[in-house]
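Visitor: Okay, here's the prediction I keep looking at, along with the sequence it came from:
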Amino acid sequence: MEYDLQGKAVVVTGATSGIGLAVAVKMLQAGAYVIGVGRSLARNDRAKESLRETIPGAKVEYLLAELSNQTEVRRLAGEIKETLTKAGYTQLDILVNNAGVYMSQKVITDDGVEMTFAVNHLAGFLLTHELMDWLTPARGRVMTTGSYSHRTTPLCLSRVVNPWPHIGLVAYKRSKLSNVLFTYELNRRDLGITAYAVDPGLVNTGIAAKGGRGLEKFVWQYRREQGTTAEVPARTYLYLAGEPEIDVSQGYYFKDSAFLQPSRQSENERLARQLWDLSCRLTGVTW
């Protein structure tokens, strides 16, 4: 279906390639004003130039941020608000928390948190919090990129901050389960917005293309070889952005523009609340 997003403001993290770039394309084609976020100035510039060349009249800007750093996330939120204001917008309609990493080796961020959890979950958690005053006036929609892999691991909250031993695939799966739990809890708290978790399915992207060994290297290679183009899951983000009335009677986990039942653990109210409380402590917010 075609959607008209004229007058809508959209923020997409991880928007220089893969799913994020494909989502930016879809939103721009529908007429939205898009702010993309990336961590490389050169890649930001290339993405913005490409979008403006291929989409006539594209209203797009790119901002630079290292999302593993909470100070950077807060600075980014302020810069997003300034950019929207300069462009004539007074609210944010859609936030797409798409940025993600896969780490084969354990890396601890400056904030003392394992990198996978910091980028894949905490960055989106904190950015959403910092942008709430712009999202709520629009009854905004928050979309977070999940994964089928959230179904295949338990979540032990005592092991996400500094896991030992560190296993890249396990850390990634925990972060994806955290994405779905965050979506569940964000809706349960009824804060004036609607949140969705998007399962993109197998997609041929560059995540984990470098490094890795053994089983993890095989898994990511398989995902790339069996995956669709990023344009396929991007349609779901456009649907969730543009569809006026979305049936959420069953839940908020979507794949191929339709509800998909997530794991039972991802709808565990106690676990979702505990993750929320931990995320607040780790980011220093009261929410």
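Guide: That came through fine.

Visitor: so how many other residues sit close to the closest residue to residue 146 other than its chain neighbours?
Guide: Spatial nearest neighbour of residue 146, chain neighbours left out: residue 197 (4.2 Å); criterion: CB to CB, 6 or more residues apart in numbering. Just so you know, the C-beta spots here come from the backbone N, C-alpha and C atoms, and that holds for glycine as well. For residue 197, the neighbour count with other CB atoms under 10 Å is 29.

Visitor: again with residue 233
Guide: 27.

Visitor: Excluding chain neighbours, what is closest to it?
Guide: Using CB to CB, 6+ apart, the nearest residue to residue 233 is residue 200, at 3.5 Å.

Visitor: circling back to that earlier point, ok but the residue nearest to residue 146 is inside a strand, no?
Guide: Yes - under DSSP: H, G, I helix; E, B strand; the rest coil, residue 197 falls within a strand.

Visitor: circling back: hang on, isn't the residue nearest to residue 233 packed against residue 20?
Guide: No - judged on CB atoms under 8 Å, residue 200 makes no contact with residue 20 at a distance of 10.7 Å.

Visitor: hang on, the earlier thing: what sits opposite the residue nearest to residue 146 in the beta ladder?
Guide: residue 144, residue 253 (DSSP bridges).

Visitor: which residues does it contact?
Guide: Under the criterion of CB atoms under 8 Å, 6 or more residues apart in numbering, the neighbours of residue 197 are 143, 144, 145, 146, 179, 180, 183, 252, 253, 254, 262.

Visitor: Tabulate those (TSV), appending distance to residue 103 and pLDDT.
Guide: As requested, the contacts of residue 197 are arranged in TSV below (distance: CB to CB, whole Å; pLDDT from 0 to 100):
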residue	distance to residue 103	pLDDT
143	23	98
144	19	98
145	17	97
146	18	93
179	16	97
180	20	96
183	23	98
252	28	97
253	25	97
254	27	97
262	24	95
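
Visitor: tell me which of those residues is nearest to residue 75?
Guide: Of all the contacts of residue 197, residue 75 sits closest to residue 144, with 21.0 Å by CB to CB.

Visitor: my guess is the closest one meets residue 183, correct?
Guide: Yes - between residue 144 and residue 183 a contact is recorded at 5.7 Å, counting by CB under 8 Å.

Visitor: Need the residues touching each of these two.
Guide: Counting by CB under 8 Å, 6+ apart, the residues touching both residue 144 and residue 183 are 195, 196, 197.

Visitor: what would those look like in a markdown table with pLDDT and distance to residue 105?
Guide: Converted to a markdown table, the shared contacts of residue 144 and residue 183 look like this (pLDDT from 0 to 100; distance: CB to CB, whole Å):
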| residue | pLDDT | distance to residue 105 |
| --- | --- | --- |
| 195 | 98 | 32 |
| 196 | 98 | 32 |
| 197 | 98 | 27 |
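
Visitor: any chance of these in JSON lines, with distance to residue 84 too?
Guide: Shown next, in JSON lines, are these (distance: CB to CB, whole Å):
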{"residue": "195", "distance to residue 84": "20"}
{"residue": "196", "distance to residue 84": "21"}
{"residue": "197", "distance to residue 84": "25"}
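
Visitor: Now do the buried residues in stretch 231-242.
Guide: 232, 233, 234, 236, 237, 238, 239, 240, 241, 242 (16 or more other CB atoms under 10 Å).

Visitor: Quick check, the fourth one in contact with residue 259.
Guide: No - Residue 236 is not in contact with residue 259 according to CB under 8 Å; the separation is 11.0 Å.

Visitor: which residues does residue 24 contact?
Guide: Residue 24 neighbours (CB under 8 Å, 6+ apart): 10, 12, 15, 34, 36, 47, 51, 60.

Visitor: can you pull the contacts of residue 237?
Guide: 23, 26, 27, 96, 143, 198.

Visitor: Just the element for it, please.
Guide: helix 231-242 (DSSP states H and E).

Visitor: Now do the helices in the protein.
Guide: Taking DSSP state H as the test, the helices found in the chain are 18-29, 41-54, 70-86, 115-117, 123-130, 132-135, 168-188, 214-226, 231-242, 269-283.

Visitor: now those helices as a markdown table including distance to residue 153?
Guide: Formatted as a markdown table, these follow (distance: least, CB to CB, whole Å):
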| stretch | distance to residue 153 |
| --- | --- |
| helix 18-29 | 21 |
| helix 41-54 | 31 |
| helix 70-86 | 25 |
| helix 115-117 | 12 |
| helix 123-130 | 19 |
| helix 132-135 | 29 |
| helix 168-188 | 4 |
| helix 214-226 | 13 |
| helix 231-242 | 21 |
| helix 269-283 | 13 |
